[in-house]
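Student: only geometry, no sequence info:
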């Protein structure tokens, strides 16, 4: 995959053809025949993929909102962003 991301990397949503729909506490992303369901944690990260927020900004949000240790937050966010990049949904 892509590997570890630098804390000052600013991920950007790559695809304009991604449709979003909120269903209860889940955010559903549609792209062609691809369907991705995100929980609230992942949805917050997805919305921060705007080319302005850094990975470090995302880590701080997770630390503050979910009381996750910094190392774990960074690892989870890095893995998630790499998965999105692998599906062509974000540009790193």
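Tutor: Nice, thanks for sending it over. Quick caveat: nothing in here was measured; it's all calculated off a predicted structure. Numbering: from 1, shown residues only.
Student: Backbone dihedrals for the residue lying closest to residue 91 once chain neighbours are set aside, please?
Tutor: Leaving aside its chain neighbours, residue 91 sits nearest to residue 14 (4.3 Å; criterion: Cβ to Cβ, 6 or more residues apart in numbering). For every residue, glycine as well, the C-beta is placed using N, CA and C. The phi/psi pair for residue 14 (degrees, to the nearest 10) reads phi -90, psi -30.
Student: Return the distance of residue 14 relative to residue 60.
Tutor: The spacing between residue 14 and residue 60, counted by Cβ to Cβ, to the nearest Å, is 23 Å.
Student: residue boundaries of the helices in the chain?
Tutor: Along the chain, counting by DSSP state H, helices occupy 40-47, 55-66, 70-86.
Student: quick one, which of those helices is nearest to residue 25?
Tutor: Residue 25 sits nearest to helix 40-47 of all those, at 5.7 Å, using Cβ to Cβ.
Student: The closest one - what's its average pLDDT?
Tutor: Per-residue pLDDT over helix 40-47 has a mean of 92.
Student: thinking again about what came up before, please tell me how far the residue nearest to residue 91 sits from residue 67.
Tutor: Remark: distance between residue 14 and residue 67 (Cβ to Cβ) = 31 Å.
Student: Tell me which of those two has more neighbours.
Tutor: Between residue 14 and residue 67, counted using other Cβ atoms under 10 Å, residue 14 has the larger neighbour count: 16 against 8.
Student: can you tell me which residues contact that one?
Tutor: Counting by Cβ atoms under 8 Å, 6 or more residues apart in numbering, residue 14 touches 88-91.
Student: what would those residues look like in TSV with pLDDT and distance to residue 76?
Tutor: As requested, these are arranged in TSV below (pLDDT from 0 to 100; distance: Cβ to Cβ, whole Å):
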residue	pLDDT	distance to residue 76
88	85	21
89	89	17
90	89	15
91	88	20
